[in-house]
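[1] fold the following.
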Amino acid sequence: MRACATGAAVAMVWVLAVCSAAPAQENDGSAWKEAGPELRVYDVKAYFTRTPIYNFARVPGTDESAMAMAEQALFEGAGGRAGIFADADPDYERDAASKAARLMGFVQRFVRPKEPWETEGGRSKIDIMVDRGLMVVYTTPDGHTMIETLLNRVVPAEKRNMVIDIRVVELNAAALGVEEPAGFIARTDAQKATLKQATTKVHARTSVSGTDGQVLSNEKGAATTYVADQEPVVAEAAVGFAARIERLTAGFAVQVQALLDTPGEKAMLDFRMILQQVLGMRTVKVQNAAGETAIEGLIELPTVIADSQAGTLTLPVGCPVVLAGGGVPKSLFTGEENDTETVDIYYVATVRLMPVE
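    Here you go, the predicted structure:
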């Protein structure tokens, strides 16, 4: 009887174990269904949207020779114009299909879902509709979570608008409390007030506005037109010359690009600036091919004095920063060619976000 009772007890324990195990298997199956691949569509239009670049060569109605320095071209032996700002647009030649391939490869390299990608024998799939700006992904929830994290860093939800203020000033270093003003950052209200008080004179100022990552240009000053060259025109028994007219701006010109970080607290600023003055015009000789005769007074080239700055640095948004500076001839501001005095000037930039409301 004891043996039978023991056997019955063992059988009962086994039955209970089997019965309790069955729901566990069913729950595992349900959990797998919940964690299985699912379809989601992501808006990635911002990734394909090219930020327009405006410079002097592309602005409608602007002479492409604006801010050109013919003297530099002559020194280089180029025989043509030499623009201060290069007419380069890194986004202009990029093909949307290649950008889609890069984005797809980027996701597949850094997102490792529980269900592998189709290229690795799994069921996860990805496709990009370039014309619609949509990315279609079929993968597990953990994969979608990683994709969302990745896209938040790679594809901005929207472009942020900003204003970049740039001033050319004279500073009192002693009042600023530093030996060298370049590199000074006014982070607090007190430091901003100190910088304002230390500014003894403002020679030029400009503000440009645009979106995050956009290259912005501004040109201020008086334009001077001049005869840059004479092109020979040969006819029967006669030789003439056709004048080539160019334009040069005396004043202040900037080209800047600001890339914001994700929180919008810092901006990487790429800047190119030039402050220049036309001191006068000088005539040069034009010779024929044989060099036998010279015709004087047909070409006038400007005598230019200029100060230019270029660089890249990261600065806090909303804080004036003294970018660079140094001594320049005073004739840059007086326009007098014989003025040999020098003056210390500094370029101050501030990047600030524009409110959307």
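
[2] now do the same contact list for residue 218.
    By Cβ atoms under 8 Å, 6 or more residues apart in numbering, residue 218 lies in contact with 206, 207, 208, 253, 254. (Each C-beta comes from the backbone N, C-alpha and C, glycine too.)

[3] flag every buried residue along the helix or strand where it lies.
    Here residue 218 sits within strand 215-235, counting by DSSP states H and E. Using 16 or more other Cβ atoms under 10 Å as the test for burial, strand 215-235 gives 215, 216, 217, 218, 219, 221, 226, 227, 228, 229.

[4] verify the contact between residue 147 and residue 42 for me.
    Yes - counting by Cβ atoms under 8 Å, residue 42 is a contact partner of residue 147 at 7.0 Å.

[5] shared neighbours, these two?
    Residues touching both residue 147 and residue 42 by Cβ under 8 Å, 6+ apart: residue 137.

[6] where along the stretch 251-357 of the chain do the helices fall?
    For the stretch 251-357 of the chain, the helices defined by DSSP state H, counting those that start in this stretch cover 331-334.

[7] residue 115 and residue 140, how far apart?
    Residue 115 is 5 Å from residue 140, where distance means Cβ to Cβ, to the nearest Å.

[8] thought residue 347 was touching residue 325?
    Yes - contact criterion Cβ under 8 Å: residue 347 and residue 325 qualify, at 6.3 Å.

[9] give the next helix or strand downstream of the worst-scoring helix or strand of the chain on mean pLDDT.
    Each helix and strand of the chain was given a mean pLDDT (mean pLDDT, DSSP states H and E); the minimum falls on helix 70-76 at a mean of 35. Sequence-wise, the next helix or strand downstream of helix 70-76 (DSSP H and E) is helix 96-110.

[10] quick one: the host helix or strand of residue 244 to strand 215-235, angle?
    Assessed by DSSP H and E, residue 244 sits inside strand 238-260. Interaxial angle of strand 238-260 relative to strand 215-235 (axes from the mean of the first three to the mean of the last three Cα atoms, to 10 degrees): 170 degrees.

[11] identify each buried residue in strand 238-260, please.
    244, 246-258, 260.

[12] between those residues, which is nearest residue 276?
    Residue 276 lies nearest to residue 250 out of these, by Cβ to Cβ, at 6.0 Å.

[13] contacts only, for the closest one.
    Residues near residue 250 by Cβ under 8 Å, 6+ apart: 221, 222, 223, 224, 276, 277, 278, 304.

[14] any idea how far residue 104 is from the first one?
    Counting by Cβ to Cβ, the separation of residue 221 from residue 104 is 48 Å.

[15] same question, the fourth one
    Residue 224 sits 52 Å away from residue 104, going by Cβ to Cβ.

[16] got it, and the second one?
    Spatial separation of residue 222 from residue 104 under the definition Cβ to Cβ is 52 Å.

[17] same question for the fifth one.
    Counting by Cβ to Cβ, the gap between residue 276 and residue 104 amounts to 48 Å.

[18] between those two, which one's more packed in?
    Under the criterion of other Cβ atoms under 10 Å, the comparison of residue 276 against residue 104 puts residue 276 first, with 22 against 15.

[19] quick one: contacts for residue 134?
    Residue 134 makes contacts with 41, 42, 43, 44, 45, 128, as judged by Cβ under 8 Å, 6+ apart.

[20] let's go with 6 Å and repeat that
    residue 41 (Cβ atoms under 6 Å, 6 or more residues apart in numbering).

[21] which residues does it form beta bridges with?
    Note on residue 134: beta-bridge partners by DSSP bridges are residue 43, residue 129.
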